[in-house]
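K.L.:
Make a model of this:
(one chain, ligands or ions: 1)
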Amino acid sequence: MIYFDNAATTKPYEAALKAFNNTALSTFGNSSSLHKFGLKSELEIQDAEKNILKRLSHDCSFPKEGKLIFTSGATESNNMAIRGVAELMHRKGKKIITTKTEHASVSNVMDSLISQGFDILKVNPYDNNVEQQIADLTDKDTILISAIAVNNETGFKIDTKKLFSLVKEKNKDTIIHIDAVQAFCKLPVYGDLISISAHKIHGIKGVGGLFIQKGIKLPPLILGGEHQNGLRAGTLPTELITAFSSAACEYPYDNSHIVSLRKYFEEKISEFDNIVINSKNSIPDIINFSILNIKSEIMLHYLEQHNIFVSGGSACSKGRRSNTLLGCGLPNKAIDSALRVSFSHQNTFEEIDQFFKILSKGIERFSKLKVKG
Ligand code: PMP
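P.N.:
Here you go, the predicted model:
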């Protein structure tokens with residue numbers, strides 16, 4: 001199997017599975033229990049929080065002094081961050097700035113806030129200098145900025161350090177939320193609230209986190225017991241959390257292998273006349289391209305028959321034309337034929353060779369079927 005869909009999810013590390021198993025078998029106590037077996041579980045969670053925050057702080061000059069709240073994944077983290085700030089700050093202002101190319105777990109929450117009287121401004125990151133655009137729009141009524149650090153469909157990255165300092169210069173009270181799902185372990189991330197997810201870094205599905213900078217008193221999204229200082233009720237999945245921590249520790253700091261894979265991939269693509277690369281200013285891990293006369297689904301399923309797994313645009317925007325690719329200014333023809341290859345450091349050059357061998361046969365076979373629109 002050739003798995004080139006690592007932006008959708010990643011294969012759990014052996015070490016993460018081992019951590020899960022060890023915890024499940026030997027530290028399965030409820031971290032809220034008062035006995036020492038519960039405390040053991042609580043200590044494992046504290047240790048995991050420290051490891052993950054350490055990884056999140058890597059290469060950042062701005063200290064991450066707050067807490068990491070464990071959630072069921074970044075969808076929940078994004079909901080908690082945005083709804084939380086709206087509830088916390090609605091008396092101070094109603095203006096929120098975001099981008100046109102957010103993941104659905106941000107954009108749908110933003111749309112739901114419109115009916116509550118919030119003024120949601122959306123900038124297009126593909127227009128120049130998105131960080132400055134957002135800062136220019138920030139004023140005394142702006143309570144929240146929410147921006148995706150690395151786009152899941154194209155790999156487009158924003159400079160969160162620059163965004164953070166430009167926005168804080170305009171209004172130090174504006175809270176900055178960053179959806180860092182595709183950036184965590186890959187780029188330094190600056191923000192007051194930061195969403196991350198375990199299954200994108202070779203952890204296990206079902207756990208994520210929201211970093212909350214010290215001093216921000218976010219209200220809970222989920223009510224119940226006093227878990228996580230009352231910020232997120234529910235018994236903590238110690239097993240998933242230790243696996244998340246193990247993945248965060250295991251994920252390589254050096255991305256030179258992925259950089260080389262990307263370079264090699266682009267060299268191979270340049271041999272084809274009818275393939276255009278849609279990704280620009282992207283992390284090396286994600287490349288979006290269009291085979292201009294072949295619909296995404298056709299090529300995706302053809303590759304699948306050869307045990308090669310890629311994505312058509314984004315796994316989360318099935319069936320709809322992607323806002324991200326529309327935002328890039330791509331014509332419908334390119335959008336409808338877009339494929340996303342997303343690497344892990346576990347991928348190899350041989351897999352790329354095999355991919356292009358099969359791809360060129362597919363192109364030969366399907367190039368007579370024209371894309372509509
Ligand atoms: N944001 C981005 C940028 C993502 O890629 C994803 C996962 N597709 C999410 C949020 C949601 O993450 P989760 O699957 O952990 O809910």
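K.L.:
Can you tell me which residues in the stretch 1-150 of the chain are near the ligand?
P.N.:
Contact residues, the stretch 1-150 of the chain versus the ligand (Cβ under 6 Å from any ligand atom): G73, A74, T75, H103, S105, I148. Yep, even glycine has a C-beta here, placed from its N, CA and C like the rest.
K.L.:
Now do the contacts for the second one.
P.N.:
Residues touching A74, when contacts are defined by Cβ atoms under 8 Å, 6 or more residues apart in numbering, comprise H103, S105, D179, V181, S195, I196, S197, G208.
K.L.:
can you rerun that using 6 Å?
P.N.:
Contacts for A74 (Cβ atoms under 6 Å, 6 or more residues apart in numbering) come out as V181, S195, S197, G208.
K.L.:
okay if I get these as JSON lines plus pLDDT and distance to the ligand?
P.N.:
JSON lines is the format used below for the contacts of A74 (pLDDT from 0 to 100; distance: Cβ to the nearest ligand atom, whole Å):
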{"residue": "V181", "pLDDT": "98", "distance to the ligand": "4"}
{"residue": "S195", "pLDDT": "98", "distance to the ligand": "7"}
{"residue": "S197", "pLDDT": "98", "distance to the ligand": "3"}
{"residue": "G208", "pLDDT": "98", "distance to the ligand": "5"}
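K.L.:
Between those residues, which sits nearest T142?
P.N.:
S195 (19.6 Å; Cβ to Cβ).
K.L.:
In contact with that closest one: list those residues for me.
P.N.:
Applying Cβ under 6 Å, 6+ apart, the residues contacting S195 are A74, S77, N78, D179, L210.
K.L.:
for E65, same thing?
P.N.:
Counted by Cβ under 6 Å, 6+ apart, E65 has contacts K214.
K.L.:
What distance do you get for it to Q305?
P.N.:
Remark: distance between E65 and Q305 (Cβ to Cβ, to the nearest Å) = 51 Å.
K.L.:
and if you look at T75?
P.N.:
On the measure of Cβ to Cβ, T75 and Q305 end up 31 Å apart.
K.L.:
Of those two, give the one with the bigger neighbour count.
P.N.:
T75 (20 against 9; other Cβ atoms under 10 Å).
K.L.:
Any figure for the gap between K36 and Q228?
P.N.:
In terms of Cβ to Cβ, K36 sits 21 Å off from Q228.
K.L.:
Touching the helix or strand where L339 lies from outside, list them.
P.N.:
Applying DSSP states H and E as the criterion places L339 in strand 338-342. With contact meaning Cβ under 6 Å, 6+ apart, strand 338-342 is reached by 4-7, 285-288, 290, 296, 310-313, 325.
K.L.:
same question, stretch 268-287
P.N.:
7, 150, 154-157, 186, 258-259, 262, 288-292, 328, 341-343, 356.
K.L.:
hmm, try it at 7 Å
P.N.:
The contact list for stretch 268-287 (Cβ atoms under 7 Å, 6 or more residues apart in numbering) reads 6-7, 150, 154-157, 186-187, 255, 258-259, 262, 265-266, 288-293, 325, 328, 330, 334, 338, 340-343, 352, 356.
K.L.:
Same question for stretch 345-357.
P.N.:
Under the criterion Cβ under 7 Å, 6+ apart, residues I2, F4, P252, H257, I258, L261, Y264, F265, K268, I308 lie in contact with stretch 345-357.
K.L.:
Which residue ranges of the stretch 1-150 of the chain form strands?
P.N.:
In the stretch 1-150 of the chain, the segments counted as strands under DSSP state E, counting those that start in this stretch are 2-3, 67-71, 95-99, 119-123, 142-148.
K.L.:
could those strands go into CSV alongside mean neighbour count?
P.N.:
Shown next, in CSV, are these (neighbours: other Cβ atoms under 10 Å):
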stretch, mean neighbour count
strand 2-3, 19
strand 67-71, 24
strand 95-99, 25
strand 119-123, 17
strand 142-148, 26
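K.L.:
Now do the helices in the chain.
P.N.:
14-26, 36-57, 74-89, 104-114, 130-137, 160-170, 238-250, 256-269, 296-305, 323-327, 332-336, 349-366 (DSSP state H).
K.L.:
possible to save those helices as a markdown table with distance to T98?
P.N.:
Output for those, formatted as a markdown table (distance: least, Cβ to Cβ, whole Å):
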| stretch | distance to T98 |
| --- | --- |
| helix 14-26 | 32 |
| helix 36-57 | 21 |
| helix 74-89 | 9 |
| helix 104-114 | 5 |
| helix 130-137 | 9 |
| helix 160-170 | 12 |
| helix 238-250 | 27 |
| helix 256-269 | 28 |
| helix 296-305 | 26 |
| helix 323-327 | 12 |
| helix 332-336 | 22 |
| helix 349-366 | 35 |
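K.L.:
Comparing the ones you listed by mean pLDDT, which bottoms out?
P.N.:
Lowest mean pLDDT of these: helix 323-327, a mean of 87.
K.L.:
Does it reach the ligand?
P.N.:
No: against the ligand, helix 323-327 shows no contacts by Cβ under 6 Å from any ligand atom, the least distance being 10.2 Å.
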